[in-house]
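# Starting from these lines, generate the structure:
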Amino acid sequence: MMGDRTVSSRNEPVPWSILQRVGSVVGGHWNSQAAPTQTHRDAYESASKAFQGALKELRILDTYIQAIEQQVEQLGAPWTPGRIPTWEP
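Predicted coordinates for the structure are as follows:
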């Protein structure tokens with residue numbers, strides 16, 4: 001979502017991140033009543049495509065995380081933030 005910060009931190013050029021693209025569209029139209037420019041339309045389209053890929057990867061990671069959470073719960077580990085505990089009174 002935020003791009004490759006390790007490369008950019010060394011002052012090397014990197015493509016815009018999803019967040020930067022969306023931010024440019026929002027910032028360019030915050031107080032405007034004009035139609036979006038072609039540049040902003042292109043930025044939105046590019047961000048949309050990149051987000052689709054990122055969302056697929058997040059869903060895959062979520063399945064792994066859920067499996068780990070189930071194992072941790074079965075082993076009796078204490079509750080951790082973000083993990084929904086099972087409750088049996």
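# Just the buried positions in the longest helix anywhere in the chain, please.
Counting residues, the longest helix found in the chain (DSSP state H) is helix 38-74. Using 16 or more other CB atoms under 10 Å as the burial criterion, the residues of helix 38-74 that qualify are 40, 43-44, 47, 50, 69. Every residue, glycine included, has its C-beta placed from N, CA and C.
# Redo the residues you listed as CSV? Include pLDDT and distance to residue 15.
Rendered in CSV, the data for the buried residues of helix 38-74 read as follows (pLDDT from 0 to 100; distance: CB to CB, whole Å):
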residue, pLDDT, distance to residue 15
40, 92, 17
43, 93, 12
44, 93, 15
47, 94, 11
50, 93, 9
69, 84, 34
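# any idea which of these is closest to residue 22?
Residue 22 has its nearest neighbour among the buried residues of helix 38-74 in residue 47, at 5.1 Å by CB to CB.
# any idea of the pLDDT on the nearest residue to the closest one once chain neighbours are set aside?
For residue 47, ignoring the flanking residues on the chain, the nearest one in space by CB to CB, 6 or more residues apart in numbering is residue 21 at 3.9 Å. We note a pLDDT of 91 for residue 21 in this prediction.
# any idea how far residue 79 is from residue 21?
Distance, residue 21 to residue 79, by CB to CB, to the nearest Å: 38 Å.
# which one of those two has more residues nearby?
Set side by side, residue 21 and residue 79 show unequal neighbour counts under other CB atoms under 10 Å, the larger going to residue 21 at 22 against 11.
# Show me what the helix or strand hosting that one is packed up against.
Under DSSP states H and E, the secondary-structure element containing residue 21 is helix 18-29. The elements that helix 18-29 packs onto, with contact taken as 3 or more CB pairs under 8 Å, 6 or more residues apart in numbering; DSSP states H and E, are helix 38-74.
# Give me the distance from the helix or strand bottoming out on mean pLDDT in the chain to the chain's centre.
The helix or strand of the chain with the poorest confidence is helix 5-8; it has a mean of 79 (mean pLDDT, DSSP states H and E). A distance of 17 Å separates the C-alpha centroid of helix 5-8 from that of its chain, computed with CA atoms, centre = their mean, to the nearest Å.
# Having no further points to raise, I will conclude here.
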